[in-house]
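A.B. asks: Quick one: sequence and predicted model below, then my questions.
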2 protein chains.
Amino acid sequence: MYSFTEENYIKAIYKLQEKSGISVNTNAIAEIMQTKAASVTDMIKKLSEKKLLSYAKYKGVELTETGRKMALEMIRKHRLWETFLYDKLNFSWDEVHDIAEQLEHIKSTKLIDCLDEFLGFPENDPHGDPIPGKNGLIQRIELYKVSELGIGEFGVISGVVNHSSLFLQHLEKNQLVLGKGIEIVSKSDFDQSLRIKIEGGIPIMISNEVARNVLLKKSR
Amino acid sequence: MYSFTEENYIKAIYKLQEKSGISVNTNAIAEIMQTKAASVTDMIKKLSEKKLLSYAKYKGVELTETGRKMALEMIRKHRLWETFLYDKLNFSWDEVHDIAEQLEHIKSTKLIDCLDEFLGFPENDPHGDPIPGKNGLIQRIELYKVSELGIGEFGVISGVVNHSSLFLQHLEKNQLVLGKGIEIVSKSDFDQSLRIKIEGGIPIMISNEVARNVLLKKSR
DNA sequence: TAATATTTTTAGACTAGTCTAAAAATATTT
DNA sequence: AAATATTTTTAGACTAGTCTAAAAATATTA
Ligand SMILES: [Mn+2]
Ligand SMILES: [Mn+2]
Ligand SMILES: [Mn+2]
Ligand SMILES: [Mn+2]
């Protein structure tokens, strides 16, 4: 059995590997694990011995197949628990993450599979992120940042880049929630702010900061 | 914030204090914590400094009011999670305990109160044990062991002394589940085994071992 | 009450995970 | 290619929780 710490390292390394391509370096891990590089080196050695990742001194690490599967199981658990909190206990989407960080460490395959069924085998969590299946497969849909769309284009809000509570609360206050359709009306050359029209509402202004952190599925 | 280990010690001490009266001794704690007396002494000192219990060398320990409240919160969480697994995810009563041992350590008051509401504010867990309320109050009903009832007396199965999977499975196989009404038909002088009649069924024999571990609410 | 048995505590050591400071390797500039 | 900067690793130390073995206190028995 793996410790919470080991599990968190594996998840962190998976996420880094996701975005920044191949091998993950010590400092990057230290940053998201909120620890020091020296501690990371120690842990890396341990995880390497346990065959969860491959490691060459000074060359960074890469998850093994075992490590990758473990990370996906963690993510599956995390997102299913978030969905439970949101769908069944009526938490808002900015409240679920911290508790899911704890719940993702509960060890029981039966529990997570029953939870999956109880929730009706959801495909996405409350933030729009895809939930890996029992088989470890994660289905990827191409999403675009609001800032990437051109004038007159349409899209449905389907995800967020920034997952912070503060940002999620801000979106909610402005009706920018999952599933809402929006149209790009105009862009400012000055500060890259956008004017958008939300489905069944009046046009509003959003900052470029917001536009870069909201993901759309293109429509029409 | 308290560690899982600290929380488990407090819960163990509470349970010992419950049954065996006043102050709890080191060896008893060591036994249910599956550890050595020396380790217990170390932990006791720590919990004493944190004011969760009062401790006089060689004299045993007693929970403080803070410690008692903490224990009751743990028990509340444990039993609510057991109820969730049983009621919502269709686990059987012998499968819920081990997972609840993990879930009881999740830190979030909002989570547990929402779960309580989601479950309809249950009063008892799948084993018949009372669930402490948000206020920390635990409602106690007087229960009797099957072995304590006399010939011709009636009762409804409302709890178990032994919580082991093996025992719970045995009860289930013999229709001895929570809520069933039974009548004592006869007792054997030889091995203290009992003949009982289960509500809407034919009389069966149960060993004294079983009779001492099933709790009844007297009826009629 | 003295001898013996049991329980509890202390002393010292071990592991997991962390840290700081310094050394070693690698990357970037000049 | 040498000098400098950055990154990574090592060395040694700390805390939480555990252990064994021995000492101290308490309980039991004669
Ligand atoms: Mn999350
Ligand atoms: Mn999420
Ligand atoms: Mn239980
Ligand atoms: Mn129970």
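C.D. replies: Looks like it came in fine. Numbering: from 1, shown residues only, chains lettered A, B, ... in the order given. Ligands and ions are numbered 1, 2, ... in the order given.
A.B. asks: tell me which parts of chain A are close to DNA strand D?
C.D. replies: Those residues of chain A that sit near DNA strand D, judged by CB under 7 Å from any atom of the strand, are A:25-28, A:37-38, A:40-42, A:44-45, A:55, A:57-58, A:60. No exception for glycine: its C-beta is placed from N, CA and C like everyone else's.
A.B. asks: contacting residues around the most centrally placed residue in chain A?
C.D. replies: Centrality entry for chain A: nearest residue to the mean C-alpha point is residue A:129, 5.7 Å, by CA atoms, centre = their mean. Contact analysis of residue A:129 by CB atoms under 8 Å, 6 or more residues apart in numbering or on different chains lists A:79, A:159.
A.B. asks: can you give me the helices in chain A?
C.D. replies: Counting by DSSP state H, chain A has these helices, from start to end: A:4-19, A:26-32, A:37-49, A:65-87, A:96-103, A:109-118, A:165-173, A:208-211.
A.B. asks: Next, the buried residues of stretch A:63-82.
C.D. replies: For stretch A:63-82, the buried set under the neighbour-count rule, 16 or more other CB atoms under 10 Å in any protein chain shown, comprises A:63-64, A:67-68, A:70-82.
A.B. asks: swap that for stretch A:180-195, sorry
C.D. replies: Of the residues in stretch A:180-195, those with enough neighbours to count as buried (16+ other CB under 10 Å) are A:180-184, A:187, A:193-194.
A.B. asks: Kindly reformat the helices of chain A as JSON lines and extend each row with distance to residue B:216 and mean pLDDT.
C.D. replies: As requested, the helices of chain A are exported to JSON lines (distance: least, CB to CB, whole Å; pLDDT from 0 to 100):
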{"stretch": "helix A:4-19", "distance to residue B:216": "42", "mean pLDDT": "96"}
{"stretch": "helix A:26-32", "distance to residue B:216": "56", "mean pLDDT": "96"}
{"stretch": "helix A:37-49", "distance to residue B:216": "53", "mean pLDDT": "96"}
{"stretch": "helix A:65-87", "distance to residue B:216": "36", "mean pLDDT": "97"}
{"stretch": "helix A:96-103", "distance to residue B:216": "37", "mean pLDDT": "97"}
{"stretch": "helix A:109-118", "distance to residue B:216": "31", "mean pLDDT": "98"}
{"stretch": "helix A:165-173", "distance to residue B:216": "50", "mean pLDDT": "97"}
{"stretch": "helix A:208-211", "distance to residue B:216": "63", "mean pLDDT": "96"}
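A.B. asks: Can you give me the domain boundaries for chain A?
C.D. replies: For chain A, whose domains are defined here by automatic domain parsing, the residue ranges read A:4-63, A:73-140, A:144-218.
A.B. asks: Around chain B, pick out the residues from chain A.
C.D. replies: By CB under 8 Å from any CB of the partner chain, the residues of chain A that approach chain B are A:85, A:88-91, A:95, A:98-99, A:102-103, A:106-108, A:110-111, A:114-115, A:118.
A.B. asks: switch the cut-off to 6 Å
C.D. replies: Proximity of chain A to chain B is confined to A:89, A:99, A:102, A:106, A:108, A:111, A:114, A:118 under the rule CB under 6 Å from any CB of the partner chain.
A.B. asks: tell me which of those residues is nearest to ligand 2?
C.D. replies: Of all those, residue A:99 has the smallest distance to ligand 2: 11.4 Å, by CB to the ion.
A.B. asks: Could you count how many residues lie near the closest residue to that closest one other than its chain neighbours?
C.D. replies: The shortest distance from residue A:99 to any non-neighbouring residue, by CB to CB, 6 or more residues apart in numbering or on different chains, is to residue B:108 (5.1 Å). Residues near residue B:108, counting by other CB atoms under 10 Å in any protein chain shown, number 17.
A.B. asks: Same check on the one 10 residues further on?
C.D. replies: Summarising burial for residue B:118: neighbours were counted as other CB under 10 Å, giving 16.
A.B. asks: How about the contacts made by it?
C.D. replies: The neighbourhood of residue B:118, defined by CB atoms under 6 Å, 6 or more residues apart in numbering or on different chains, consists of residue A:89.
A.B. asks: quick one: it and DNA strand D, what's the gap?
C.D. replies: Relative to DNA strand D, residue B:118 is positioned 31 Å away (CB to the nearest atom of the strand, to the nearest Å).
A.B. asks: Right, I'll leave it there.
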